[in-house]
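Undergrad: got a predicted model here, sequence first, then my questions.
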Amino acid sequence: MGRSQVHIVWVAISSRANGLLLRRQIEEEARKYDQFDVGYNHWNPLVRYFLNRKLRRAQRAVRLAKNSRILDVGCGDGVLLLRLKGEHTCVGLDISSVRLRRAHKRAPDALLICADACYLPLKESYFDTVFCLDTIEHVRDPEKCTLELERVTKRHVVVTIPDERNLAVARLLSLKLPAKLQGREHLSSVTPNDLGRMFRSFEKKTLEKIPLIFALDYLLVFQKKLIFDQEAERDLSMLPERIGVFA
């Protein structure tokens with residue numbers, strides 16, 4: 001099956017999950033702007049600095065082994081995929097086929113799937129690391145989304161979410177209206193503590209405010225808890241000398 005056909009299959013599933021009206025709204029919004037142009041390549045150097053710093057921090061939040069399997073949920077116009085291309089096996093997933101076409105131009109080697117973040121058509125424990133940047137606040141059921149992120153990763157999930165109050169203040173000061181995105185573009189409001197409860201089978205390894213003084217975003221890294229294999233422990237006990245870490 002060709003890659004373009006895969007896109008058509010998952011668009012159909014996404015439409016059932018979100019409703020055709022919402023899908024049309026998503027595509028209409030996506031046609032208005034390219035996330036790279038209005039954000040990461042913004043005319044204002046402060047906006048450029050903040051967004052690119054956030055992306056760099058997310059990319060470096062976990063040590064990625066060469067040729068890791070990477071999933072970017074809510075990949076949008078492919079800004080993160082552009083940074084990762086050539087080093088890893090990358091899959092980008094977004095609900096907007098318009099944004100995926102732009103992502104394809106930036107990262108032509110990445111497999112791109114049009115699907116809902118709450119219904120990932122992907123194998124369990126397949127990816128080494130899953131990124132979900134600035135996406136969870138755009139889904140109606142954050143808990144369902146986090147369960148899916150848990151399911152498809154075998155090690156790490158890297159998430160960014162906004163501080164809704166500080167973001168509203170920043171938008172107001174920069175004369176962007178409406179100042180409050182919650183209930184509009186942001187369909188749900190999630191705090192770091194909320195995410196800690198949702199990622200039940202994970203340990204929270206990192207919580208970072210970006211920027212540090214007046215946080216507009218939180219960067220969180222969750223690591224799947226390792227369950228030590230009792231049979232492997234018995235095998236280790238038979239060795240003449242135990243390695244220090246097992247003492």
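TA: Great, that's in hand.

Undergrad: can you pull out the strands in the chain?
TA: Taking DSSP state E as the test, the strands found in the chain are 69-73, 89-94, 111-114, 127-133, 153-162, 202-210, 217-224.

Undergrad: pick out the shakiest of those strands, pLDDT-wise.
TA: Among those, strand 202-210 carries the lowest mean pLDDT, a mean of 83.

Undergrad: residues contacting the residue lying closest to Gly86 once chain neighbours are set aside?
TA: Distances taken as CB to CB, 6 or more residues apart in numbering put Asp109 closest to Gly86, at 7.5 Å, once the chain neighbours are dropped. For the C-beta atoms, the positions are set from N, CA and C on the backbone; glycine is no exception. By CB atoms under 8 Å, 6 or more residues apart in numbering, Asp109 lies in contact with Lys85, Gly86, Cys90.

Undergrad: and the residues you listed, which of them are buried?
TA: Buried by 16 or more other CB atoms under 10 Å: Cys90, out of the contacts of Asp109.

Undergrad: could I get the contacts of Asp109 as CSV with distance to Arg101?
TA: Formatted as CSV, the contacts of Asp109 follow (distance: CB to CB, whole Å):
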residue, distance to Arg101
Lys85, 16
Gly86, 21
Cys90, 16
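
Undergrad: and of the contacts of Asp109, the nearest to Leu147?
TA: For those, the closest approach to Leu147 (CB to CB) belongs to Cys90, at 22.7 Å.

Undergrad: center of this structure - which residue?
TA: Cys132 (0.9 Å; CA atoms, centre = their mean).

Undergrad: so who does it touch?
TA: Here Cys132 is in contact with Asp72, Val73, Gly74, Ala117, Cys145, Leu149, Val157, Val158, Val159, Thr160 (CB under 8 Å, 6+ apart).

Undergrad: closest to Tyr49 out of the residues you listed?
TA: Using CB to CB, Thr160 is the member of the contacts of Cys132 that lies nearest Tyr49, at 16.0 Å.

Undergrad: wait, what's in contact with the residue nearest to the closest one when sequence neighbours are not counted?
TA: Spatial nearest neighbour of Thr160, excluding adjacent residues (CB to CB, 6+ apart): Leu133 at 4.6 Å. When contacts are counted by CB under 8 Å, 6+ apart, Leu133 touches Lys54, Leu55, Ala58, Asp72, Gly74, Leu80, Val158, Val159, Thr160.
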